[in-house]
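Engineer: This is a predicted model, with the sequence first.
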Amino acid sequence: MKEVAIIGVGATKFGELWGSSFRNIGIEAGMRAIEDANLSGSEIDCLFIGNMSAGRFINQKHIDALIADYSGMATKNVPAIRVEAGGASGGVAFGQAVTAVASGMYNTVLLGGAEKMTDQNDAFINTAMDATADAEWETGMGLTLPSLYAMIARRVMHEGTATREEIASVAVNSHFHGALNPGAQFRKEISLDTVLRASPVADPLGMFDCAPITDGAAAVVLCPLDEAKKHTDSYVKVSAFAQGSDTLALSQRPDITSFGATVATSRKAYEMAGITPADISIAEIHDDFSIAGILALQDLGLYKKGCAGKAFLSGETKVGGGKVAVNTSGGLKARGYPIGASGVAQIVEISEQLRGKADKRQVANAKYGLAQSVGGTGSAVTVSIMEAV
Amino acid sequence: MDVGIVSYGAYVPRYRIKPEEIGRIWGVDGKGMGKGLMVHQKSVPGLDEDVITISTEAARYMMARVPDVNPQDIGALYVGSESHPYAVKPSATVVAEAIEATPALTAVDMEFACKAGTAGIQACMGMVASGMIKYGVSIGADTAQGAPGDALEYSASAGGAAFLIGKEKIIAKISKTLSFTTDTPDFWRREGQPYPTHGGRFTGDPAYFKHVTSAAKMLLEEMGTTPKDYNYAVFHQPNGKFPTRVAGMVGFEQEQIATGLLSPNIGNTYSGAVPLGLSAVLDKAVPGDRIFVTSYGSGAGSDAFDITVTDEMKNYQKKNAPTVEKVLENPIYLDYGLYTKFKGMILMPE
Amino acid sequence: MSSVARAWREFPGKYNLEGTKCGNCGTIFFPKRDFCPKCRREGIGKMQKYKVRREGEVFSFSIIHDAPPCNSALKPYAVAMVRAKDGVMISGQLVDVELDKIAIGMPVRAVLRKLDEDGAAGVIHYGYKFVPA
């Protein structure tokens, strides 16, 4: 298996991009990544796209062909593959791209993640996102995705491993970083009170516990590590990628205060990278709901159960605050959550950090960065570890 | 071999509204109206309740009390109602499926204004007596409609009860049943109309009172009994006033009807009214007690029953399901705004 | 949901909590599974129908304020994960309850209620919901 490098990254601004279509944002992110990698574009021999729901959001299936066409790759008949895994679509697509290069099957691969959400109304979008849970036995019975996470939060609070304030502080942390990221949807810090007093969505979770509806795209270019230098001096190494699954419905799990797939996947990733959680300086985690941030840090082994909430609340998850800077991009909550793009945007952020290009939110002397992407209620999880070179 | 009631179950939704709250909206002395009708509050179905769910709940309670009865031995299931959720597509099939009585049975929806539930009991009795089926189920249930502002709005309510009719281990023997039927259009609802229409005071003497008294007297005569021979009597109860008056007309005392008179507390549950009243009596009755029952359905007809509680009542697992009294505990009161939402009276965008 | 057939084929589970039990290891599953994930090959062909107990207790719950269009008239409404008496966890709505009185551990039981309907002319979907026991 070949070692893999990320040689270029790019992303659009995240937000309500009223003037841009799905194809506009997809192409913009891809062009930026290719430009960043100092490529012309003709070197790309395979294209992967993470996307959850273009079929519903813009009534366009077959977006692999759409992107291949508008990126000019169709003229060279470059293969294009669309990957869907709910909220983990981007993370899983990254895994496919890494595997393609590592296997030697393809050499220079462009991975994009894109979601155009605002062409639909909120209710429609929420229903589509709910469909990442069990459509027959969860949402079909009147549950919603936020309510499933709310039940996790209720259980965590009941078992005493995090307080409501600690859970809310996950959103405060993300907004703190969002304010520092010019590409983020929300560039405004918020107080704990703002989260706690927000209108309820699925009690105990409120509006500010939930990631927003966002348009956006992100892209990275991958090639074999030993060829990276041919193109650029500014690249990072993909030290590990691991992916795991769990039951589709939350009710099928013995414990809902932890995502077993994150635990298993991260252990595998650390082993593959030959490191321990203590080596991680930056983590981009899937905070589609605030409570997911608590679970993530604990399940990734970065904090012990019962301690992640305290870390968020004390601010040690902020840039320069402690041993691991969490969601320096603003995370899903403040950077925005264009579903299929988020897993790829996490890789973009980690790469920028490890290349020292993260500007005001730069983490000093970071060697290893980790990205965790989650589909549904932990039914699909990817953990990727990148290393500065 | 005797035919009778093997089990029963009753269900009334948890929500209530008071006549004074309804009167407040329509500029009427609702409290006075309630007093006149002897209806102090009425039940309202929840947003997710209808005749099918009410019937299912009653039928499940009924089955819970006879754990030894195999639902597969039920050969007929009737749901009597004038508010079936579908104009075409039976309520009875859902209920049959929900008590696991399918597929070897006949299942039919019945309609005869407020007496479809008792008509179903008669049909079951015939089929059981003839040996055609082992058990039959008859359910009377309604989510009654009353036009906004109409007198009916103060009483039209929701609830139902289910009866398992058979020959084995009967807790109450039905010695006789008969009916009195004429064509008397005192109350009706045309296809596609949301609310029923009624003949005002015409619903009284020539309709309710004539049919109930006639059926009751026919039964007393055929049985050779007098009102004094019965411990309890249940009459159809569109309100509290009518059954109270009709009891006197036939010769029953107020104590005899008190146990089965639920309308002051829950309103007029239409097809559910007599079945619920009889359930309340069976909750209290002991072996040897005799129960006199007369239903009424507009249009018009009355079914009368002579019932005697058997010794089997002692072995009956009554505790496996709540009594009517228990079902009526902990009501949740609605204001008229919520009531209109619960009843689907607000025009919503599609 | 607009497919009549899709709803119809799940009636046993939706109406009567019919799940499955592995004939090999005895594990109960709801919703039903065609295959026991614990026994794998040893369990093939041994899954039996199993009716889950309707009684249970609240394991966790949430009050939904941001409701899907089909349930907008119900909001705010409660949903819960319920541990049935035979150990299986089932998610569903919790109705006929004062929302501020719901608590983890609260005894509940499953009843049949309307889930939604396909418009005024469409079919009505029925299924289990929980009420306080």
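Structural biologist: Arrived safely.

Engineer: burial measure for the residue in chain A that chain B sits nearest to, as a count.
Structural biologist: Per C-beta to the nearest C-beta, A:G142 is where chain A lies closest to chain B, at 9.3 Å. The C-beta positions use only the backbone N, C-alpha and C, and glycine is treated the same way. Applying other C-beta atoms under 10 Å in any protein chain shown, we find 27 residues neighbouring A:G142.

Engineer: quick one: it and C:Q93 touch, right?
Structural biologist: Yes. If you go by C-beta atoms under 8 Å, A:G142 and C:Q93 touch, sitting 4.4 Å apart.

Engineer: List the buried residues for stretch B:339-350?
Structural biologist: The neighbour-count check on stretch B:339-350 (16 or more other C-beta atoms under 10 Å in any protein chain shown) flags B:Y339, B:F342, B:K343 as buried.

Engineer: Mind checking which of those residues are in strands?
Structural biologist: Of those, none are assigned to strands by DSSP state E.

Engineer: tell me the contacts of the residue of chain A closest to chain B?
Structural biologist: Going by C-beta atoms under 8 Å, 6 or more residues apart in numbering or on different chains, A:G142 touches C:I64, C:P68, C:N71, C:L74, C:Y77, C:V79, C:G92, C:Q93, C:L115, C:K129.

Engineer: can you check C:G45 too?
Structural biologist: So C:G45 contacts nothing (C-beta under 8 Å, 6+ apart).

Engineer: Would you check how far apart it and C:P31 are?
Structural biologist: To C:P31, C:G45 is 19 Å away according to C-beta to C-beta, to the nearest Å.

Engineer: same deal with C:E55?
Structural biologist: Applying C-beta to C-beta to C:E55 and C:P31 gives a distance of 18 Å.

Engineer: Of these two, give the one with the bigger neighbour count.
Structural biologist: For C:E55 versus C:P31, neighbours defined as other C-beta under 10 Å are more numerous around C:P31 (21 against 15).

Engineer: my guess is the more buried one contacts A:W137, does it?
Structural biologist: Yes. Look at C:P31 against A:W137 with C-beta under 8 Å: they come within range, at 5.0 Å.

Engineer: overlap in contacts of those two?
Structural biologist: With C-beta under 8 Å, 6+ apart, C:P31 and A:W137 have common neighbours A:A249, C:G13.

Engineer: Just list whatever residues bridge to residue 82.
Structural biologist: No chain specified, so I'll use chain A. A:R82 forms beta bridges with A:I49, as assigned by DSSP bridges.

Engineer: um, chain C though
Structural biologist: Going by DSSP bridges, C:V82 is paired in beta bridges with C:V58, C:I90.

Engineer: what number of residues lie near it?
Structural biologist: Around C:V82 there are 28 residues (other C-beta under 10 Å).

Engineer: and the lowest-mean-pLDDT helix or strand in chain C, how far from the chain's centre?
Structural biologist: Sorting the helices and strands of chain C by mean pLDDT, DSSP states H and E puts helix C:4-8 at the bottom, at a mean of 94. A distance of 16 Å separates the centroid of the chain from that of helix C:4-8, by C-alpha atoms, centre = their mean, to the nearest Å.

Engineer: list residues touching both of A:G142 and C:Q93?
Structural biologist: By C-beta under 8 Å, 6+ apart, the residues touching both A:G142 and C:Q93 are C:L74, C:Y77, C:V79, C:K129.

Engineer: hmm, who's touching the helix or strand hosting the third one?
Structural biologist: Translated: C:V79. Secondary structure from DSSP states H and E places C:V79 in strand C:77-84. For strand C:77-84, the external contacting residues (C-beta under 8 Å, 6+ apart) are A:141-144, A:147, A:151, A:250-251, A:256, C:17, C:30, C:52-64, C:67, C:71, C:89-95, C:97, C:99, C:102, C:108, C:110, C:130.

Engineer: just to revisit the earlier point, near chain A, list only the ones from the buried residues of stretch B:339-350.
Structural biologist: Residues of these in contact with chain A (C-beta under 8 Å from any C-beta of the partner chain): none.

Engineer: Just the ones in helices from those residues, please.
Structural biologist: B:Y339, B:F342 (DSSP state H).

Engineer: who's in contact with B:A156?
Structural biologist: Per C-beta under 8 Å, 6+ apart, neighbours of B:A156: B:K42, B:A144, B:Q145, B:G146, B:G267, B:N268, B:Y270.

Engineer: so of these, which ones are in strands?
Structural biologist: Filtering those for strands - DSSP E - leaves B:K42.

Engineer: what's the closest of the contacts of B:A156 to chain C?
Structural biologist: For the contacts of B:A156, the nearest to chain C is B:Q145 (15.7 Å; C-beta to the nearest C-beta).

Engineer: can you tell me how far the closest residue to that closest one other than its chain neighbours sits from B:A147?
Structural biologist: Leaving aside its sequence neighbours, B:Q145 sits nearest to B:Y195 (C-beta to C-beta, 6 or more residues apart in numbering or on different chains; 5.2 Å). The gap separating B:Y195 from B:A147 is 4 Å, by C-beta to C-beta.

Engineer: Just the buried positions in stretch A:224-244, please.
Structural biologist: Going by neighbour count (16+ other C-beta under 10 Å), the buried part of stretch A:224-244 is A:224-225, A:228, A:231-232, A:234-244.

Engineer: Cross-check those residues against chain C and keep the overlap.
Structural biologist: Residues of the buried residues of stretch A:224-244 in contact with chain C (C-beta under 8 Å from any C-beta): none.

Engineer: Can you tell me the SS state at C:R113?
Structural biologist: strand (DSSP: H, G, I helix; E, B strand; the rest coil).

Engineer: Three-state assignment for the residue of chain A most remote from its centre, please.
Structural biologist: The centre of chain A is farthest from one residue, A:T75, which by C-alpha atoms, centre = their mean lies 30.8 Å away. Using three-state DSSP, the structure places A:T75 in helix.

Engineer: so does stretch B:257-276 get close to chain C?
Structural biologist: No. Applying C-beta under 8 Å from any C-beta, one finds stretch B:257-276 separated from chain C by no less than 15.7 Å.

Engineer: State the distance spanning the first to the last residue of that stretch.
Structural biologist: Length of stretch B:257-276, first residue to last, C-alpha to C-alpha, to the nearest Å: 13 Å.

Engineer: about what we covered before: please name the residues that touch the residue nearest to B:Q145.
Structural biologist: By C-beta under 8 Å, 6+ apart, the contact set of B:Y195 is B:Q145, B:G146, B:A147, B:D150, B:L152, B:R189.

Engineer: quick one: it from B:E111, how far?
Structural biologist: 16 Å.

Engineer: go on, C:P31?
Structural biologist: 36 Å.

Engineer: swap in A:S245?
Structural biologist: Distance, A:S245 to B:E111, using C-beta to C-beta: 53 Å.

Engineer: C:E117 now?
Structural biologist: To B:E111, C:E117 is 22 Å away according to C-beta to C-beta.

Engineer: Also C:L99?
Structural biologist: Taking C-beta to C-beta, one finds C:L99 at 37 Å from B:E111.

Engineer: between these two, which one's more packed in?
Structural biologist: Neighbour totals were compared for C:L99 and B:E111, and B:E111 leads with 17 against 12 (other C-beta under 10 Å).
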